[in-house]
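Visitor: Need coordinates for the following:
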Amino acid sequence: MLEATRIQERLFIAGDFADSTGSALIEVTNPYDRSPIGTAVDGTPEDVDRAVRAARAAFDDGPWPRLSPAERGEWMDRLADELEARAAETAAFVTDEIGQPIAVARFMNGIRPVQHLRYYARLARDLMVEEDRPNNDREGTSLHVRQPLGVAALIVPWNHPQSSTTLKLAPALAAGCTVVIKPAAESPLDIFVLAAAAQRIGFPEGVINIVTGGRETGQALVAHPDVDKVAFTGSTAAGRQIAAVAGQRLIPATLELGGKSAAIVLEDADLDQVLAGLRIASFGNTGQNCIALSRIVVPASREAEFTEGLVSLARDLRVGDPQDPATEIGPLVSERALARVTGMVDAARAAGAAVLAGDTPAPTDGWFYAPRIITGADPASDIAQDEIFGPVVTVHPYRDVDDAVHIANATRYGLGGSVFSADEDAALTVARRVRTGSIGLNGYRPDLGSPFGGVRDSGLGREFGPEAIENYRESTSIFL
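Guide: Numbers count the residues shown, from 1 in each chain. Coordinates of the predicted model:
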């Protein structure tokens, strides 16, 4: 059923699999045992050009933008059905590819992509395309028309490869755009599950195109003159480069970038509730989430209590084989990722911080890093300011609520966050003071129906909700 081979030496262009114009390949290694699991094409600028030209032809001359939104929704539901039939195999595939714990992969890369497509298919059925508006300066009305932007470049990350793709793909399709998808170099194989599903149902050719590759492939895609829109999830550094090119080209870009989110624990918060929330929000997906609550801001009067609780939590997290449903902490995605996390923690220790826990047994073959709790780090230090992307949190005591909010806001990022308290009104008051694109009360549980995105170095624009469709549409006013 999966139909996506682990030796994937072709691209997906104009509804069919196509050879690359180059010979370079990306080698994919299983992070659990460092065994080779497959190869993918390192796409060339010529490959990008072919894919974009296919998407352009499908937009300019094909049926997709000319279907009613409801008809597009029908196609999206059929695609969702195909992905749902492959969900279990896809999740296991992703776990081998990036080391993601299978319990996470089953939801984020099996169930969630299906939910994305069905949600936006449902919204498409009621999508406003034309609206009569009363004139302000004279009698009568004018016509407000919402039209698809054109060809969208979707550049997606490796940490939730399937759901990160459909989170962009679904609203783009609902709007009537055609797309070229470039997955991350760390996860170039599972994307072809989508290609196989689209081909199986006869999805209109050229609407979905896939080019795998590294940084140069992405740069060629963003710079291509026939790309009308860029949607990117990844690092802030890469996001700045994409924004610069998009700015020069005067095309819109949605950028969901890095994070350094804070969990503010108020004086009356229940320890067990906080730890239960942080188990997922800080350590879920082995801490490799852009919205991970990696800074724990606690009352000075309860610092010892919460530190002890966090150390117990770190030691209780199950570290091991990511294909085991009981595993909570799998390997990091690559040797480079492991070196980065190790280096950041070692530098914090050298600067005087205390590194606690980290003694949980882990398999020795893979790129494992047992959960750590860091105390005594200056809130302005690198470990407290830079995205770790691993199972590591820092603990910061505060004097009063104003101090807690200051610590939470004293970062260049602003993506997620949470406030823990037994008093919901008090938590909400504090939450409104945190400069971030989203924040939760007593945990962090984003909902697909509400906008999600970052401020400052965490990005531009919003995904989720009906608003995401507008990322892929433009307005035309017809003055009657």
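
Visitor: in the sheet, who's paired with K229?
Guide: According to DSSP bridges, the residues that bridge with K229 are A152.

Visitor: Find me the pLDDT at the residue nearest to the spatial centre of the chain, would you?
Guide: Note on the chain: the residue nearest the mean C-alpha position is S164, at 4.8 Å, using C-alpha atoms, centre = their mean. S164 is assigned a pLDDT of 98 by the prediction.

Visitor: if I look at it, how far off is G440?
Guide: To G440, S164 is 20 Å away according to C-beta to C-beta, to the nearest Å. C-beta here means a position set from N, CA and C on the backbone, and glycine is covered the same way.

Visitor: got it, and R112?
Guide: In this view, R112 and G440 are 18 Å apart by C-beta to C-beta.

Visitor: swap in P325?
Guide: Applying C-beta to C-beta to P325 and G440 gives a distance of 26 Å.

Visitor: do N209 as well
Guide: 36 Å.

Visitor: Counting neighbours, go ahead and name the busier of those two.
Guide: N209 (29 against 22; other C-beta atoms under 10 Å).

Visitor: hang on, the more buried one in a helix?
Guide: No: if the criterion is DSSP: H, G, I helix; E, B strand; the rest coil, then N209 is strand and not within a helix.

Visitor: That one - nearest residue in space that isn't next to it in sequence?
Guide: In space, and not counting its chain neighbours, N209 is closest to A51: 4.1 Å by C-beta to C-beta, 6 or more residues apart in numbering.

Visitor: OK, contacts around the residue nearest to A377 when sequence neighbours are not counted?
Guide: In this structure, A377 finds its nearest non-sequential neighbour in A353, 4.0 Å apart by C-beta to C-beta, 6+ apart. Residues near A353 by C-beta atoms under 8 Å, 6 or more residues apart in numbering: I374, T375, G376, A377, S381, I383, T394.

Visitor: A353 and F306: what is the separation?
Guide: Distance check for A353 against F306: by C-beta to C-beta, it reads 16 Å.

Visitor: And for Q147?
Guide: Between Q147 and F306 the distance is 52 Å, computed by C-beta to C-beta.

Visitor: These two: who's more crowded?
Guide: The neighbour count for Q147 versus F306, taken as other C-beta under 10 Å, is higher for F306 (23 against 14).

Visitor: any idea which helix or strand comes after the strand or helix carrying that one?
Guide: Per DSSP states H and E: F306 is located in helix 303-316. Counting by DSSP H and E, the next helix or strand C-terminal to helix 303-316 is helix 335-350.

Visitor: quick one: pLDDT of A4?
Guide: What the model reports for A4 is a pLDDT of 42.

Visitor: which one is P183 nearest to, not counting chain neighbours?
Guide: Closest to P183 by C-beta to C-beta, 6+ apart is I191, at 4.5 Å.

Visitor: which residues touch that neighbour?
Guide: Taking C-beta under 8 Å, 6+ apart, we find I191 in contact with P161, Q162, T165, I181, P183, I210, T212.

Visitor: Farthest-apart pair in those, please.
Guide: Q162 and T212 (14.7 Å; C-beta to C-beta).

Visitor: re the thing from before, among the contacts of I191, which one sits closest to A337?
Guide: Nearest to A337 among the contacts of I191, with distances taken as C-beta to C-beta, is P161, at 15.2 Å.

Visitor: The closest one: how many residues sit nearby?
Guide: The burial count for P161: 29, using other C-beta under 10 Å.

Visitor: How about the one 5 residues further on?
Guide: Residues within reach of T166, counting by other C-beta under 10 Å, total 28.

Visitor: I'd guessed N285 sits against P101; true?
Guide: Yes: the pair N285 / P101 is scored as a contact, 7.2 Å apart, by C-beta atoms under 8 Å.

Visitor: Chain neighbours aside, what residue packs nearest to D359?
Guide: Closest residue to D359 apart from its sequence neighbours, by C-beta to C-beta, 6+ apart: A370 at 6.7 Å.

Visitor: quick one on the thing from earlier: the residue nearest to the centre of the chain belongs to a helix, doesn't it?
Guide: Yes: judged by three-state DSSP, S164 forms part of a helix.

Visitor: any idea how far D226 lies from D60?
Guide: For D226, the distance to D60 (C-beta to C-beta) stands at 9 Å.

Visitor: Just want to know which of those two has more residues nearby.
Guide: Using other C-beta under 10 Å as the criterion, D226 and D60 rank with D226 on top: 16 against 13.

Visitor: Now do the contacts for the residue lying closest to V211 once chain neighbours are set aside.
Guide: Sequence neighbours aside, G43 is the residue nearest to V211 in space, at 4.3 Å (criterion: C-beta to C-beta, 6+ apart). Contacts for G43 (C-beta under 8 Å, 6+ apart) come out as L11, S20, G22, K182, V211, T212, G213, T217, A220.

Visitor: same question, F479
Guide: F479 is in contact with S142, counting by C-beta under 8 Å, 6+ apart.

Visitor: State the phi and psi torsions of it.
Guide: Dihedral pair for F479: phi -80, psi 120, per degrees, to the nearest 10.
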